[in-house]
Each structure stands twice: as structure tokens, then as C-alpha cells.
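A.B. asks: would you be able to build a 3D model of this:
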Amino acid sequence: VQLVDSGGGLVQPGGSLRLSCAASGFTFSSAAMSWYRQAPGKERETVATINSAGDRTYYADSVKGRFTISRDNAKNTVDLQMNDLNTEDTAVYYCTVVLVRLGRYWGQGTQVTVSS
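C.D. replies: Residues are numbered from 1 along each chain as shown. The predicted model follows:
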């Protein structure tokens, strides 16, 4: 199982970023996928989740209306479009999946820094 996160960077408040996770080593189209984030000094938290078919999503209250999770089962990718970013969104963002009988796997993380 491999998850490769990309797309982070430095952005000004109000700006946008699109994160992407490339997955391999498992049946991607059968697995729900999530993005988590961890800010300095804070616990890792769920940001968004998308079901295997891509027709149901969940968002943390703090990102509702600003972030959109999507997936492409043909390309084995899951993206996180982040709009109207603010300084509280600064964190390392991780793609993650839980596989039956195998447990949870994490991407390597991608740093998002929101600063003027």
C-alpha cells in the first residue's frame, strides 16, 4: 500500500490550494478515503472523507463550505480542493485509508502554510 501526498505550499489568507493523493497497492475503488491534518502542537484531526463510489462526503465543521474532497477511481487519486484558506488551516495534511484486516495507512504528508 502506498499513498503519495502532493500539492501543499505557501498561500496567502483567502487563497486556494489543491492537494492530491496518488494511491496504489490496494483496490482503490473499494475503499473510503480521507484527508487528515495536524497543526503544530495539536492532535491529528479529520478534515474530509469520501466513500468508495464518491457520492457521499463528510467534512469537519471548520472546513465546510470551503473544502471539497473528490476522487477519480480510474486514476486512483483523491483530491482536496481548499478555498478561502485562513491561518488556522496551516498544518501538515495527510491522505489516509483504512483497509479491512490490514489497518490504517498514511501518506507522507504535505505542508500547507497560510500566511501573509
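
A.B. asks: ranges for the strands of this structure?
C.D. replies: According to DSSP state E, the chain carries its strands in the segments 2-6, 9-11, 17-24, 33-38, 45-50, 57-59, 67-72, 77-82, 91-99, 103-106, 110-114.

A.B. asks: and these as a markdown table, adding mean pLDDT and mean neighbour count?
C.D. replies: From N, CA and C alone the C-beta is placed, and that goes for glycine too. Compiled in a markdown table, these are given as follows (pLDDT from 0 to 100; neighbours: other C-beta atoms under 10 Å):
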| stretch | mean pLDDT | mean neighbour count |
| --- | --- | --- |
| strand 2-6 | 98 | 17 |
| strand 9-11 | 98 | 14 |
| strand 17-24 | 98 | 19 |
| strand 33-38 | 98 | 22 |
| strand 45-50 | 98 | 19 |
| strand 57-59 | 98 | 15 |
| strand 67-72 | 98 | 18 |
| strand 77-82 | 98 | 23 |
| strand 91-99 | 97 | 20 |
| strand 103-106 | 96 | 13 |
| strand 110-114 | 98 | 18 |
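
A.B. asks: what distance do you get for the nearest residue to D84 once chain neighbours are set aside to S29?
C.D. replies: What sits nearest to D84 in space, not counting adjacent residues and going by C-beta to C-beta, 6 or more residues apart in numbering, is R66, at 4.7 Å. Distance, R66 to S29, by C-beta to C-beta, to the nearest Å: 27 Å.

A.B. asks: what's the answer for L99, then?
C.D. replies: 13 Å.

A.B. asks: ok, now L102?
C.D. replies: Note on L102: its distance to S29, by C-beta to C-beta, is 17 Å.

A.B. asks: for those two, indicate the residue with more neighbours.
C.D. replies: Remark: of L102 and S29, S29 carries more neighbours, 13 against 10, as counted by other C-beta atoms under 10 Å.
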